[in-house]
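S.K.: only geometry, no sequence info:
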DNA sequence: CCATATACGTCAACAATGCTGACTCATTTT
DNA sequence: AAAATGAGTCAGCATTGTTGACGTATATGG
């Protein structure tokens, strides 16, 4: 690979606001653009961590997302899973159908509302989800160790702030139920 | 939407390690799983912020990524862009070709190595990239304000720790060149 | 009880964005 | 002169997202 990249970075005339002396504004913008980089690279490599295992089994990231959210919310209804993933029912059907066919996910009718198909991981699904989890866990633990324990709280606060209200509520309720364990 | 979700969260038997009393391990695992959630939702909503504008123009996220990295690294060589995005030349060609055709990106032969096609944003490309940037900027600024200035450093450190070495070097070199401004 | 809404599933077609493999051409390096 | 590299291109395919249109079972409200 050539060394062009680092040689030319930030030499763009566009990065300089027209007004002179507004170095604060410049730093602010650079800070934001740097955060764009952070989100792209961290997400890319974090999701990538599970890909080798997924490839072996012939599944994709979409399947992993399902396993993750079902594992985290046993008895989740299909509508709720759709709300978390923000994809269409038809997109989910392809992915979820395979997971059910291959015995990773089980469906059972809701007792209160028998129209629902509540989703849980089978033992096989739990085993797979755990293997995938461990890959990402190792990466996160290394990151946490490097960053220092004080950094984690800041990470959580900023990430929470980036997402929209609905996602925040989900995150917050997971937090409280993890500590209080009140079902 | 049903309320099944919050009712059942973390009631999975799988979340409990077999050994009793290892509550530290449990909290650790919950913390990691929560970070998985954070990455998914933050990335989802962050990228989403630019989608409305992209839709109007008939471009996608892949185009945005190109505009971002070219804008941030004027004179970037194609090989280096491929290295940042980690996609194949053929995938990039589709996306980049359109950006060039539509006048968002300009190519010019390298002086040192005339095989290279160095990439820059045209004025049109800069204008579009700015519009997209502003959407994500607003989200980040709100998140930074909510999280507090102390949180930002922690965010940056953890995100940096998640990505692989090559990406870290890129991030670090951007940091130094932004302050020192030495091309 | 009946009308309407909801939860879930399904078929069909299409779009965006990844991938592999195979080649060409220009230029640089050895 | 030979080999490597930077860039482009064609062809085909996989994954995962989208619309639109229906069908069925169950719940809910007048």
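M.R.: Received the coordinates, thanks. All values reported here derive from a predicted model rather than from experimental measurement.

S.K.: how about the strands in chain A?
M.R.: A:105-109, A:117-121 (DSSP state E).

S.K.: which residues touch the first one?
M.R.: By C-beta atoms under 8 Å, 6 or more residues apart in numbering or on different chains, the residues outside strand A:105-109 that reach it are A:66-67, A:70, A:96, A:99-100, A:116-122, A:125. For the C-beta atoms, the positions are set from N, CA and C on the backbone; glycine is no exception.

S.K.: below-threshold pLDDT in chain A: ranges please.
M.R.: A:1-25, A:27, A:177-183 (pLDDT under 70).

S.K.: ranges for the helices of it?
M.R.: Under the criterion DSSP state H, helices of chain A are mapped to A:4-8, A:23-48, A:51-57, A:61-72, A:78-85, A:89-101, A:123-147, A:149-162, A:165-180.

S.K.: for residue B:50, which of the ones you listed is the nearest?
M.R.: With C-beta to C-beta, the closest approach to residue B:50 among the helices of chain A belongs to helix A:23-48: 10.1 Å.

S.K.: is DNA strand C within reach of the closest one?
M.R.: No. Using C-beta under 7 Å from any atom of the strand, helix A:23-48 stays clear of DNA strand C, with a minimum separation of 9.9 Å.

S.K.: compute the inter-axis angle for that helix and helix A:61-72.
M.R.: 90 degrees (axes from the mean of the first three to the mean of the last three C-alpha atoms, to 10 degrees).

S.K.: buried sites along helix A:23-48?
M.R.: Under the neighbour-count criterion of 16 or more other C-beta atoms under 10 Å in any protein chain shown, helix A:23-48 has A:29-48 buried.

S.K.: check contacts around residue A:96.
M.R.: Going by C-beta under 8 Å, 6+ apart, the list of residues near residue A:96 reads A:66, A:78, A:81, A:105, A:119.

S.K.: I'd say the third one and residue A:120 touch.
M.R.: No. With contacts defined as C-beta atoms under 8 Å, residue A:81 does not count as touching residue A:120, sitting 11.7 Å away.

S.K.: measure residue A:51 to chain B for me?
M.R.: 11 Å (C-beta to the nearest C-beta, to the nearest Å).

S.K.: what's the burial count for that residue?
M.R.: Other residues near residue A:51 come to 15 when the count uses other C-beta atoms under 10 Å in any protein chain shown.

S.K.: out of the strands of chain A, which one sits most buried?
M.R.: strand A:117-121 (a mean of 21; mean count of other C-beta atoms under 10 Å in any protein chain shown).

S.K.: what about that one, near DNA strand D?
M.R.: No. Strand A:117-121 stays clear of DNA strand D (C-beta under 7 Å from any atom of the strand), getting no nearer than 10.6 Å.

S.K.: which residues are contacting that strand?
M.R.: Applying C-beta under 8 Å, 6+ apart, the contact partners of strand A:117-121 are A:67, A:70-71, A:74-78, A:81, A:96, A:104-110, A:129, B:4, B:12, B:14.

S.K.: thank you, goodbye.
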